[in-house]
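**Q** Got a predicted structure here, sequence first:
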Amino acid sequence: MDIGKTKTFAIIMDEVGQVYAKAVTGPSGMWLKEETIVKNLGEAIKECLSKGNLSLDELDLISISWADLDTRADWENAWRIAEKLGLSKEKTIIEHDAVAAYYAVTWGKPGIAMIAGTGSIGFGINKRGERARSGGWGWIIGDEGSAYWIAIKALNAVSRAYDGRGEKTMLSKKLKEYFSIENELEILTKIYKEMSGEVKEIAKIAKIVDEAANEGDIIARRIMEEAGKELALCVLSIAKRLNMEKDEIIVGGIGGVYKSKHVRRVFHKLLEENLPNAEIREPLIGYTPILGPIIIAFKKLNIPLSEEKVESILASLSE
């Protein structure tokens, strides 16, 4: 299972990589209310088992990538919720989504993965097995380069343009169309009252920013390029702390923000300039991040994992 701030994705797969069932429900990240986590996670498990015509007892292993496991209390709550849903500790692996992202990108080899979805966080392991993370401080403190961060930058740019404190931007017109409003000040009602500051909903604005950037808006392009820079800086900070700047490592991104050509261009450029021996892989977008907990499960069960098998799994996930 891949548990994130936007969705919960569950699959049932056999040892050769054949997918028997898939299920997608709402977000279950650990920062959400427990009732929301239990509801969405429980529905994903129930639907997946029903489609696969299986019971929990018939599964050899349950591998979970879980967002927002930052403190000891988060981990304790995760295991408590898992047990409440009938997942036994003997047959369940729970990993931080950043760790699972690392496995999805590198397949367990030395390297770094950078998540950029609703939130953002980077994680890496070097050839000595040393670990480091960067970012992942949440939407109030950081999450630079994430969809939410991009959205907030755009909203700020629109407010500055409206006041005359900043440059004019196409984002003003696009956000009025998006919210079906006539005046920029009505954005306040949309964000603070109707959305109640909901992170997931605000993060959707990032798509509009990328659209404006593609249509030539300078402000929007700057925001998307700055996102790419911030994501690269997280990767480079991990490489420096783990002494991997000159090593042959694998680096890649995970998450919807990488759909932006502006983000990818700046992200790849900075990595190529500063990590000369790194293999920079194409980003994993959509449901492919679940490759992380899949690889973790295969390694735990000592099932051989060839490049052909990984490609076959990715192909089945994209269907």
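**A** Arrived safely.

**Q** contacting residues for residue 204?
**A** Residue 204 sits next to 147, 151 when contact means Cβ atoms under 8 Å, 6 or more residues apart in numbering. C-beta here means a position set from N, CA and C on the backbone, and glycine is covered the same way.

**Q** Likewise for the one 5 residues further on?
**A** If you count contacts by Cβ under 8 Å, 6+ apart, residue 209 has them with 150, 151, 153, 154, 171, 220, 223, 224.

**Q** mind redoing it with 6 Å?
**A** 150, 154, 220, 223 (Cβ atoms under 6 Å, 6 or more residues apart in numbering).

**Q** mean confidence score for the helix or strand hosting the last one?
**A** Remark: residue 223 resides in helix 218-241, with elements defined by DSSP states H and E. If you average the pLDDT over helix 218-241, you get 97.

**Q** In that helix, which residues are buried?
**A** Applying a neighbour-count criterion of 16 or more other Cβ atoms under 10 Å, one finds 219-239, 241 buried in helix 218-241.

**Q** Now that helix - C-alpha only, CSV.
**A** Output in CSV follows, covering the C-alpha atoms of helix 218-241 (Å, rounded to 0.1, in the frame of the first residue of the first chain):
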residue,chain,number,x,y,z
ILE,A,218,6.9,35.1,-16.4
ILE,A,219,5.7,35.0,-12.8
ALA,A,220,4.3,31.5,-13.1
ARG,A,221,7.4,30.2,-14.8
ARG,A,222,9.6,31.7,-12.1
ILE,A,223,7.5,29.8,-9.5
MET,A,224,7.8,26.5,-11.3
GLU,A,225,11.6,27.0,-11.9
GLU,A,226,12.1,27.9,-8.2
ALA,A,227,10.2,24.7,-7.3
GLY,A,228,12.7,22.7,-9.4
LYS,A,229,15.6,24.5,-7.7
GLU,A,230,14.3,23.8,-4.2
LEU,A,231,13.8,20.1,-5.0
ALA,A,232,17.3,19.9,-6.3
LEU,A,233,18.7,21.6,-3.3
CYS,A,234,17.1,19.0,-1.0
VAL,A,235,18.8,16.2,-3.1
LEU,A,236,22.2,18.0,-3.0
SER,A,237,22.0,18.5,0.7
ILE,A,238,21.5,14.8,1.2
ALA,A,239,24.4,14.0,-1.2
LYS,A,240,26.7,16.3,0.7
ARG,A,241,25.8,15.0,4.2
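
**Q** tell me how far the very next helix or strand once past it is from the chain's mean position?
**A** Downstream of helix 218-241, the next assigned helix or strand under DSSP H and E is strand 250-254. Here the centre of strand 250-254 is set off from its chain's centre by 12 Å, with Cα atoms, centre = their mean, to the nearest Å.

**Q** Taking helix 218-241 as reference, get the angle to strand 250-254.
**A** Our comparison of strand 250-254 with helix 218-241, counting by axes from the mean of the first three to the mean of the last three Cα atoms, to 10 degrees, yields an angle of 140 degrees.

**Q** in the next helix or strand after strand 250-254, what counts as buried?
**A** Sequence order places helix 261-274 as the next helix or strand after strand 250-254, per DSSP H and E. For helix 261-274, burial by neighbour count (16+ other Cβ under 10 Å) applies to 262, 263, 264, 266, 267, 268, 270, 271.

**Q** Spatially, which two of those are the most separated?
**A** By the measure Cβ to Cβ, 262 and 271 form the most distant pair in the buried residues of helix 261-274, at 15.2 Å.

**Q** Just the element for residue 21, please.
**A** strand 19-25.

**Q** residues of that strand that come out buried?
**A** So, applying 16+ other Cβ under 10 Å, buried residues of strand 19-25: 21, 22, 23, 24, 25.

**Q** before we move on, what about stretch 186-202?
**A** Quick answer for stretch 186-202 (16+ other Cβ under 10 Å): 187, 190, 191, 199, 200, 202.

**Q** Out of these, which sit inside helices?
**A** 187, 199, 200, 202 (DSSP state H).

**Q** now the helix or strand harbouring residue 158, how far from the chain's geometric center?
**A** If you go by DSSP H and E, residue 158 is part of helix 147-163. Put simply, helix 147-163 sits 22 Å off its chain's centre (Cα atoms, centre = their mean).
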